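Engineer: Any chance you can model this:
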Amino acid sequence: MNALSKEYLLLFNTLTDTAQRLEQLRQKLLLSQQMAEAMFILQENADEPAASA
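Structural biologist: Presented below is the predicted three-dimensional model:
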């Protein structure tokens, strides 16, 4: 079996690291979106007049 070249290993490791970072950023963006939506809904509910019984 031939050993992998240094260039291939560098590229592979860089791509792997980048893919992991992108996934972390994607998760952070999704969490931020969910938090923003929740804040918006809470604010809308707070702005609605209370229903009288």
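Engineer: any low-confidence regions in the protein?
Structural biologist: Residue ranges of the chain with pLDDT under 70: 1, 51-53.
Engineer: One more pass at 80, please.
Structural biologist: By pLDDT under 80, the low-scoring segments of the chain are 1-2, 49-53.
Engineer: What segments of it are helices?
Structural biologist: Along the chain, counting by DSSP state H, helices occupy 6-47.
Engineer: if I look at residue 41, how far off is residue 20?
Structural biologist: From residue 41 over to residue 20 the distance is 32 Å, taken as C-beta to C-beta, to the nearest Å. Where you see a C-beta, it was placed from the backbone N, CA and C, and this is true even at glycine.
Engineer: meant to ask about residue 10, not that
Structural biologist: 16 Å.
Engineer: before we move on, what about residue 12?
Structural biologist: Distance of residue 12 to residue 20, computed by C-beta to C-beta: 13 Å.
Engineer: So residue 25 versus residue 19, what's the distance?
Structural biologist: In terms of C-beta to C-beta, residue 25 sits 11 Å off from residue 19.
Engineer: right, I mislabeled it, should have said residue 46
Structural biologist: For residue 46, the distance to residue 19 (C-beta to C-beta) stands at 41 Å.
Engineer: ditto for residue 47
Structural biologist: 42 Å.
Engineer: These two: who's more crowded?
Structural biologist: Remark: of residue 47 and residue 19, residue 19 carries more neighbours, 10 against 7, as counted by other C-beta atoms under 10 Å.
Engineer: how far away is that one from residue 35?
Structural biologist: Here the criterion is C-beta to C-beta. By it, residue 19 lies 25 Å from residue 35.
Engineer: ditto for residue 2
Structural biologist: 50 Å.
Engineer: how many neighbours does residue 32 have?
Structural biologist: By other C-beta under 10 Å, 10 other residues sit near residue 32.
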